[in-house]
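Visitor: sharing a model that was predicted from the sequence below.
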Amino acid sequence: MRQLLIVLSAVVVVTGCASHSLVPPGQAVAIRHREQALVPHSAAIQDAIRQSGKGGALVFLDERDGHLVVLPGDSPAEAWSRSSTSSAGGSTDRASALAVLTFVHRADVPKAPEAVTARSLDEQERLRATLASLDGELRKLSDSVAATRRETQTALATVREETRKALDALAEDLATAKKFMLQVAQLGYLNQEMNAENASAIRKAATASQDASASSAKLADTMRQLSEHLASQLKDVATRLDAIQNRISNVK
């Protein structure tokens, strides 16, 4: 965009410079008369150009009193622009300028003087001011875009960091939940094993209780049988003792 504006400015500069072959005959005659009027001042013009260190100067004779006005510059447009910002009364010199001015090159530059209209110089100056304003706006816009980009990158970095932390926290929560579920599953498995062991122990206890009851009944039956057998034996012993006693008595 900036390069395009510079090219347009250059086009205006070229089209604004009037040569003798592009102006009406009457105006060309007037230009020649003005250039001829400047010839006696050529030494003063070149001296002013040399002191300024520029490549040339816009020159004209003041319409009010005819004194020589020299506006140094490297180009007609620069000389005209420098005269507007000069602290040595440049604006007064411009106010007294003719409609057509002559740009004289430095003595060592092999170029003929150029006729330039004050109107074209004003237009070029306005265009340069517009270009400068646009350039300033473009710089501001570029700075704003750069600042917005930096802010966006900072915001994105912050969001990414917060997202990463949130994902890390979620992963940690999932790991904790998984660990808890494994512990619950292990507890359920252990509880099932304990229930199975308890059921087996209860079955064993019931079997042992049944065995103990059977053993008690068998022991009671055995004791009864032993008691009956012992009573029978005691009865036999008593009978035998009575028989022995009777025999003893008969022997006496």
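Guide: Thanks, I have it.
Visitor: what's the helix or strand for the residue nearest the centre of the chain?
Guide: When the chain is reduced to its mean C-alpha position, the nearest residue by C-alpha atoms, centre = their mean turns out to be Gln153, at 1.2 Å. Using DSSP states H and E, Gln153 maps to helix 118-251.
Visitor: look at the nearest residue to Pro72 once chain neighbours are set aside and report its pLDDT.
Guide: If the residues on either side of it in the chain are set aside, Pro72 comes closest to Ser52, at 3.5 Å by C-beta to C-beta, 6 or more residues apart in numbering. Every C-beta, even on glycine, is put in place using the N, C-alpha and C of the backbone. What the model reports for Ser52 is a pLDDT of 83.
Visitor: what's Ser52 sitting at in phi/psi?
Guide: Reported as degrees, to the nearest 10, the phi and psi values for Ser52 are phi -80, psi -20.
Visitor: likewise Val104?
Guide: Dihedral angles (degrees, to the nearest 10) for Val104: phi -100, psi 130.
Visitor: and it, how many neighbours?
Guide: Number of residues near Val104 (other C-beta atoms under 10 Å) recorded here: 24.
Visitor: how far away is it from Ala177?
Guide: 91 Å (C-beta to C-beta, to the nearest Å).
Visitor: same question for Asp143.
Guide: Taken as C-beta to C-beta, the span from Asp143 to Ala177 is 50 Å.
Visitor: surely Pro113 meets Ser42?
Guide: No: judged on C-beta atoms under 8 Å, Pro113 makes no contact with Ser42 at a distance of 10.0 Å.
Visitor: name the residues contacting each of the two.
Guide: Here Pro113 and Ser42 share the contacting residues Val104, scored by C-beta atoms under 8 Å, 6 or more residues apart in numbering.
Visitor: so for these two, which residue has more residues nearby?
Guide: A count of neighbours by other C-beta under 10 Å puts Pro113 above the other of Pro113 and Ser42, at 16 against 13.
Visitor: per-residue pLDDT of that one, please?
Guide: Model confidence at Pro113 (pLDDT) stands at 84.
Visitor: contact partners for it?
Guide: Counted by C-beta under 8 Å, 6+ apart, Pro113 has contacts Glu35, Thr102, Phe103, Val104, His105.
Visitor: export stretch 162-171 as PDB, just CAs?
Guide: Extracted C-alpha coordinates of stretch 162-171, given in PDB (Å, rounded to 0.1, in the frame of the first residue of the first chain):
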ATOM      1  CA  GLU A 162      -5.000 -23.200  32.100                       C
ATOM      2  CA  THR A 163      -6.300 -25.900  29.800                       C
ATOM      3  CA  ARG A 164      -3.200 -28.000  30.500                       C
ATOM      4  CA  LYS A 165      -3.600 -27.600  34.200                       C
ATOM      5  CA  ALA A 166      -7.300 -28.500  34.000                       C
ATOM      6  CA  LEU A 167      -6.400 -31.600  31.900                       C
ATOM      7  CA  ASP A 168      -3.700 -32.600  34.400                       C
ATOM      8  CA  ALA A 169      -6.100 -32.100  37.300                       C
ATOM      9  CA  LEU A 170      -8.800 -34.200  35.400                       C
ATOM     10  CA  ALA A 171      -6.200 -36.900  34.700                       C
END
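Visitor: so where's the protein shaky on pLDDT?
Guide: 1-24, 26-34, 84-98, 252 (pLDDT under 70).
Visitor: ok, what's across the strand from His105?
Guide: Gly56 (DSSP bridges).
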